[in-house]
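Trainee: What follows is a predicted structure for the sequence shown.
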Amino acid sequence: MNDKEQSSIQLTKGQRFPLTIKRLGINGEGVGYFKKKVVFVKGALPGEEVVVEVTKASQRFTEAKIRKLRKTSQERQAPPCPIYNECGGCQLQHMDYAATLRGKKDIVAQAFYRYTKLSEEKLPLNDTIGMDNPWFYRNKSQLQTRKTNGTVAAGLYKEGTHELIDLSECLVQHKELNAVTQVVKTILQDLSIPIYDEKKHNGQVRTIVTRVGFESGQVQLVLVTRTKEFAKKELLIEKVRKKLPQVTSFMQNINHERTSLIFGENTHHLDGEETINERLGEFAFDLSARAFFQLNPAQTVKLYNEAKKAAKLTGKENVIDAYCGVGTIGQWVGKNAKEVRGMDTTKEAIADARKNAKQHGIRASYEVGTAEKWMPVWLKEGFKPDVVIVDPPRSGCDGKLLQSIVKAKPKRVVYVSCNPSTLAKDIEQLMKKGYKIKNIQPVDMFPWTAQVESVTELTL
């Protein structure tokens with residue numbers, strides 16, 4: 001049988017065969033090859049020899065599950081979370097932590113090999129920066145609420161379903177968030193406040209959102225409701241005030257749409273302050289309910305220090321901070337800049353960014369809107385950036401923004417990424433216009449998940 005005939009072989013659901021796992025995939029699954037077909041196996045680790053059963057087959061790739069482990073990796077461990085296999089929030093607790101860091105470096109490398117023309121020898125990729133203690137690191141929790149057998153539950157959907165897994169405790173969320181959420185569930189239960197029913201699109205409380213300031217100890221509680229008015233609101237506020245004194249900001253967000261998005265457009269103040277405070281190094285930031293802020297404060301300091309190193313500012317440079325959120329990255333590097341300008345589509349985040357810049361004494365200005373809208377405007381006004389910092393969503397940079405960067409010709413681009421695939425695709429576009437990669441630094445912002453962030457330094 002020749003290579004063409006082998007590659008055209010169609011695997012079928014239920015088919016079983018032996019497989020050697022070569023590497024980790026971008027979602028944390030094991031990746032192997034059977035008759036030149038790529039096979040993704042959830043829970044399998046590099047170096048393992050397994051017998052798998054096909055669960056989904058297509059021309060491009062195949063998904064399979066482990067039926068038998070013939071050779072077990074020395075990097076395999078028992079996951080400490082009791083609901084690890086049901087929850088789906090983490091993907092790598094069955095893997096030694098040091099091995100996950102190597103795996104994440106390889107995930108970044110594979111993305112560049114796939115989407116750029118760079119070879120292994122020409123890829124300036126560093127080892128992943130990890131955590132000393134990779135537990136209880138998340139500063140924000142967003143748990144869907146449901147009524148299950150008459151009891152209020154709050155948790156995450158089981159992977160690939162809308163079956164809710166109740167999270168009474170989570171090993172990657174700050175302990176205070178676990179504690180606050182449990183009390184809120186009890187209050188909702190005791191007051192018989194109607195819980196949202198996704199199928200019927202009725203009920204009131206949809207999501208319990210909590211965020212904690214690691215340094216300040218302040219906790220913000222946001223209840224996402226289907227309607228502005230809901231039963232026993234004043235009594236609820238009173239109960240939260242009494243039972244949860246650590247909650248210094250209590251907000252309500254209204255989301256009346258049939259959607260998987262957590263937040264709606266309207267947010268209302270219920271009690272306490274409208275923001276909580278968080279400190280990163282020497283900088284303090286005020287955070288409103290919908291403002292984006294990195295979820296792992298300890299690793300954020302490492303990530304931003306890498307961005308600062310990559311920016312190489314001397315005090316003479318104009319900086320554009322695209323997708324700026326509350327201004328954290330731009331202000332982190334801003335003391336060494338001539339001027340910082342940033343933009344974000346969330347108006348509350350821009351209000352926070354302006355307030356934070358004033359508080360930090362940074363010469364910075366911020367606008368509501370997209371980077372692709374504001375960069376051409378600033379260029380026309382004569383504001384030429386020497387350094388552009390981008391920290392886009394997982395979908396990567398908008399094509400118009402990349403065009404604006406090419407037109408502006410900054411000497412340096414610092415790309416902070418949460419998705420290696422879109423990072424590599426965007427950088428390939430910039431490389432076609434003359435930019436060169438100087439350094440790629442992966443940072444483990446979310447231990448035990450397959451996600452990996454990175455800072456890439458590009459020069460013209």
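Mentor: Nice, thanks for sending it over. Here the structure is a predicted model, which is why all the values come from computation and not from measurement.
Trainee: For the stretch 251-400 of the chain, which segments count as helices?
Mentor: 297-311, 328-334, 347-360, 371-381, 399-408 (DSSP state H, counting those that start in this stretch).
Trainee: Kindly compare burial across those and name the winner.
Mentor: Across the helices of the stretch 251-400 of the chain, averaging neighbours per residue (mean count of other CB atoms under 10 Å) puts helix 328-334 on top, at a mean of 26. Heads up, the C-betas are built off the backbone N, CA and C, glycines and all.
Trainee: What is that helix packed up against?
Mentor: strand 283-287, helix 297-311, strand 318-322, strand 339-344, helix 347-360, strand 364-368, strand 387-390 (3 or more CB pairs under 8 Å, 6 or more residues apart in numbering; DSSP states H and E).
Trainee: let's see it at 7 Å
Mentor: strand 283-287, helix 297-311, strand 318-322, strand 339-344, helix 347-360, strand 364-368 (3 or more CB pairs under 7 Å, 6 or more residues apart in numbering; DSSP states H and E).
Trainee: mind checking which of the helices of the stretch 251-400 of the chain is nearest residue 204?
Mentor: Residue 204 sits nearest to helix 347-360 of all the helices of the stretch 251-400 of the chain, at 23.1 Å, using CB to CB.
Trainee: which strands and helices sit next to the closest one?
Mentor: If you count contacts as 3+ CB pairs under 7 Å, 6+ apart, helix 347-360 packs onto strand 283-287, helix 328-334, strand 364-368.
Trainee: which other residues reach that helix?
Mentor: 283-288, 290-292, 324-327, 331, 342, 344, 364, 366-368 (CB atoms under 7 Å, 6 or more residues apart in numbering).
Trainee: I'd like the helices of the stretch 251-400 of the chain as JSON lines, with distance to residue 419 and mean pLDDT appended.
Mentor: Output for the helices of the stretch 251-400 of the chain, formatted as JSON lines (distance: least, CB to CB, whole Å; pLDDT from 0 to 100):
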{"stretch": "helix 297-311", "distance to residue 419": "15", "mean pLDDT": "96"}
{"stretch": "helix 328-334", "distance to residue 419": "17", "mean pLDDT": "92"}
{"stretch": "helix 347-360", "distance to residue 419": "20", "mean pLDDT": "90"}
{"stretch": "helix 371-381", "distance to residue 419": "17", "mean pLDDT": "89"}
{"stretch": "helix 399-408", "distance to residue 419": "15", "mean pLDDT": "92"}
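Trainee: Among the ones you listed, which comes closest to residue 449?
Mentor: So among the helices of the stretch 251-400 of the chain, helix 297-311 is nearest, using CB to CB, at 12.3 Å.
Trainee: report the angle between the axes of the closest one and strand 283-287?
Mentor: 120 degrees (axes from the mean of the first three to the mean of the last three CA atoms, to 10 degrees).
Trainee: How far away from the center of its chain is the helix or strand hosting residue 51?
Mentor: Using DSSP states H and E, the element containing residue 51 is strand 49-57. Between the centre of strand 49-57 and the centre of its chain there are 29 Å (CA atoms, centre = their mean, to the nearest Å).
Trainee: Also stretch 334-349?
Mentor: For stretch 334-349, the separation from the chain centroid amounts to 20 Å (computed by CA atoms, centre = their mean).
Trainee: Can you give me the end-to-end span of it?
Mentor: 18 Å (CA to CA, to the nearest Å).
Trainee: ok, and for it, which residues are buried?
Mentor: 334, 335, 337, 340, 341, 342, 343, 344, 346, 348, 349 (16 or more other CB atoms under 10 Å).
Trainee: for this structure, which spans come out with low pLDDT?
Mentor: 1-8 (pLDDT under 70).
Trainee: Go through it and flag its longest helix.
Mentor: Longest helix in the chain, counting residues (DSSP state H): helix 97-115.
Trainee: name the helices or strands packed onto that helix?
Mentor: strand 16-24, helix 420-432, strand 436-443.
Trainee: For the shortest one, which outside residues touch it?
Mentor: By that I understand strand 436-443. With CB under 7 Å, 6+ apart, strand 436-443 has contacts from 104-105, 108, 124-126, 128-129, 299, 302-303, 306, 310, 427, 452-459.
Trainee: try the longest one
Mentor: Contacts with helix 420-432, where a contact means CB under 7 Å, 6+ apart, come from 26, 107-108, 111-112, 114-116, 394-397, 402, 405, 413, 415, 417, 437, 452, 454, 456, 458.
Trainee: Going by distance to residue 97, which of the buried residues of stretch 334-349 wins?
Mentor: The closest of the buried residues of stretch 334-349, once distances to residue 97 are taken by CB to CB, is residue 349, at 32.5 Å.
Trainee: Pop the domain breakdown of this structure in here.
Mentor: Split into domains by automatic domain parsing, the chain comes to 3-7+14-76, 140-280, 296-459.
Trainee: now those domains as a markdown table including distance to residue 99?
Mentor: As requested, the domains of the chain are exported to a markdown table (distance: least, CB to CB, whole Å):
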| stretch | distance to residue 99 |
| --- | --- |
| domain 3-7+14-76 | 4 |
| domain 140-280 | 18 |
| domain 296-459 | 12 |
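Trainee: Give the full set of residues in contact with the nearest residue to residue 328 once chain neighbours are set aside.
Mentor: Nearest residue to residue 328, sequence neighbours excluded (CB to CB, 6 or more residues apart in numbering): residue 285, at 6.3 Å. Shown in contact with residue 285 (CB under 7 Å, 6+ apart): 278, 293, 326, 328, 356.
Trainee: Nearest to residue 151 among those residues?
Mentor: So of the contacts of residue 285, ranked by how close each gets to residue 151 (CB to CB), first place is residue 293, at 32.0 Å.
Trainee: Give me the nearest residue to the closest one, chain neighbours excluded.
Mentor: Going by CB to CB, 6+ apart, residue 293 has residue 287 as its nearest residue, at 5.4 Å.
Trainee: dump the residue contacts of the one you found.
Mentor: 211, 275, 276, 278, 293, 326, 352.
Trainee: I'd like to know how many residues surround the fourth one.
Mentor: Put plainly, it is residue 278. By other CB atoms under 10 Å, the residues close to residue 278 number 24.
Trainee: Can you give me the distance of the nearest residue to it once chain neighbours are set aside to residue 291?
Mentor: Excluding the flanking residues, the one nearest residue 278 by CB to CB, 6+ apart is residue 213, at 4.2 Å. Distance from residue 213 to residue 291, counting by CB to CB, to the nearest Å: 13 Å.
Trainee: sorry, back to before: between helix 420-432 and the longest helix of the chain, find me the angle.
Mentor: 40 degrees.
Trainee: Buried residues of helix 97-115, list them for me.
Mentor: 97, 99-112, 115.
Trainee: Between which two of those residues is the distance greatest?
Mentor: 97 and 115 (28.0 Å).
Trainee: Next, count neighbours for residue 231.
Mentor: Counted with other CB under 10 Å, residue 231 comes out at 12.
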